[in-house]
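S.K.: What follows is a predicted protein model with its sequence.
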Amino acid sequence: MKRLAERNAFITGGGRGIGRAVALRFAREGARVMVVARTEREVASVAEEVRSECGVEAAFASCDVAEAASVAAAFDRAREFFGRGVDVLVNNAGIAESAKFAGTTDELWRRHFGVNLDGTFYCMRAVIPSMVERGWGRIINVASIAGKTGAPYIAAYSASKHGVLGLTRSVALEVASKGVTVNAICPGYVDTEMTTNAVRQITAKTGRSAEEATEAIRRMSPQGRLVTPEEVAALALLLASEDGRGITGQAINVDGGSVLF
Ligand code: NAP
């Protein structure tokens with residue numbers, strides 16, 4: 001029996017990186033998936049990959065999670081596609097831009113809170129009532145170890161991800177007796193475009209080569225390596241499955257041991 005047979009999964013930021021890996025992993029376990037992000041070309045391509053590789057139905061929509069109306073439209077489309085409510089929501093859409101704190105503009109601050117925190121809130125609010133009504137649901141918020149610790153030049157990112165953990169823990173307790181679990185995954189540096197952009201920013205600001213910057217990032221993990229998107233997807237699968245029913249309100253690190261709480 002596939003672990004997500006008969007389940008419907010809605011994945012934000014599903015056009016590349018971690019979101020793409022989660023969509024493929026869930027689909028291999030039998031889930032019907034819908035992927036959303038702003039770049040329609042990328043989510044359309046992941047939906048096609050899911051259909052052709054995994055032989056399950058997949059849908060996509062262009063959606064800006066920072067906009068309540070855009071999120072509402074995407075969930076209308078999801079209800080139409082699934083024919084009922086969402087079983088598994090993965091809030092993975094996120095942005096990370098670095099800036100000195102004194103140079104953190106209102107726009108940069110609001111952009112991070114808009115996508116990383118408001119987006120997670122809008123999507124959770126869209127699914128919780130039907131999950132509670134059906135007595136089953138899984139919400140997985142992709143936060144970051146930056147949601148537990150701080151680091152220079154990422155105040156807006158780190159603060160928004162701390163917010164995601166507070167949201168996760170509070171809602172988890174509110175719905176704990178209703179068959180719905182709410183958890184966060186806190187990755188360290190993952191081998192995706194987001195990390196490639198971080199390397200680019202380091203090289204631009206410090207003059208170090210891309211290889212030196214990548215090596216510095218690798219060394220931040222006691223394992224001396226980047227996490228793969230598939231490793232994050234493997235934890236998401238556990239949390240989404242029946243086996244994960246006792247895990248709720250948690251913020252679980254996938255970071256090679258760099259943060260121990
Ligand atoms: P990525 O490769 O840059 O992918 C990010 C995804 O989010 C893309 O599909 C992007 O698509 C989507 N997205 C961004 N803004 C959006 C918006 N306003 N509305 C809807 N979708 C939006 O990054 P990733 O590494 O896979 O990151 C996924 C998640 O993991 C993020 O929440 C990130 O903070 C978290 N994380 C990543 C790392 C890392 O090292 N990579 C570490 C810790 C946590 P569009 O741009 O087309 O919208």
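M.R.: Received it, and whenever you're ready, just let me know what you need.

S.K.: Residue 247 contacts residue 236, correct?
M.R.: No. Look at residue 247 against residue 236 with CB atoms under 8 Å: they stay out of range, at 11.8 Å. Glycine gets a C-beta too; all of them are placed from N, C-alpha and C.

S.K.: more neighbours, the two?
M.R.: Higher neighbour count among residue 247 and residue 236: residue 236, with 28 against 15, using other CB atoms under 10 Å.

S.K.: The more buried one: what's it in contact with?
M.R.: Contact analysis of residue 236 by CB atoms under 8 Å, 6 or more residues apart in numbering lists 22, 25-26, 90, 140, 142, 185.

S.K.: same thing with residue 127?
M.R.: Contacts of residue 127 (CB under 8 Å, 6+ apart): 10, 75, 85-86, 89, 137, 139.

S.K.: and of the contacts of residue 236, the nearest to the ligand?
M.R.: The nearest member of the contacts of residue 236 to the ligand, counting by CB to the nearest ligand atom, is residue 142 at 4.4 Å.

S.K.: pretty sure that closest one is touching residue 96, no?
M.R.: No. If you go by CB under 8 Å, residue 142 and residue 96 don't touch, sitting 11.8 Å apart.

S.K.: Please say which of the two ends up with more neighbours.
M.R.: Neighbours per residue, other CB under 10 Å: of residue 142 and residue 96, the larger number sits with residue 142, 30 against 20.

S.K.: separation between the more buried one and residue 92?
M.R.: From residue 142 across to residue 92, the span is 4 Å (CB to CB, to the nearest Å).

S.K.: Need the overlap of contacts for these two.
M.R.: 13, 18.

S.K.: ok, which residues in the chain are in contact with the ligand?
M.R.: 12-13, 15-19, 37-39, 42, 63-66, 92-96, 115, 142, 144, 187, 189-190, 192-195 (CB under 6 Å from any ligand atom).

S.K.: Can you list which of those are found in strands?
M.R.: 12, 37, 142, 187 (DSSP state E).

S.K.: can I assume the last one is in contact with residue 252?
M.R.: Read it as residue 187. No. Assessed by CB under 8 Å, residue 187 is found out of contact with residue 252, at 9.7 Å.

S.K.: In terms of neighbours, single out the busier of the two.
M.R.: residue 187 (25 against 16).

S.K.: list the contacts for the more buried one?
M.R.: 18, 142, 144-145, 227, 232, 253-255.

S.K.: hey, where'd the strands end up in the chain?
M.R.: 8-12, 32-37, 58-62, 88-91, 137-142, 180-187, 251-254.

S.K.: can you pull out the helices in the stretch 101-250 of the chain?
M.R.: Remark: helices assigned in the stretch 101-250 of the chain by DSSP state H, counting those that start in this stretch are 106-112, 119-134, 155-175, 193-206, 210-219, 229-240.

S.K.: and the fourth one with helix 210-219, angle?
M.R.: Counting by axes from the mean of the first three to the mean of the last three CA atoms, to 10 degrees, helix 193-206 points 120 degrees away from the direction of helix 210-219.

S.K.: Nearest to the middle of this protein, which residue? Look it up for me.
M.R.: Nearest to the geometric centre of the chain sits residue 92, at 1.7 Å (CA atoms, centre = their mean).

S.K.: closest to residue 123 among the contacts of residue 127?
M.R.: residue 89 (5.9 Å; CB to CB).

S.K.: Can you name the residues bridging to that closest one?
M.R.: residue 10, residue 139 (DSSP bridges).

S.K.: Could you give the number of residues near it?
M.R.: Counted with other CB under 10 Å, residue 89 comes out at 28.

S.K.: Need the contacts of residue 127 in CSV (columns: pLDDT).
M.R.: Putting these into CSV (pLDDT from 0 to 100) gives the following:
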residue, pLDDT
10, 99
75, 98
85, 96
86, 98
89, 99
137, 98
139, 99
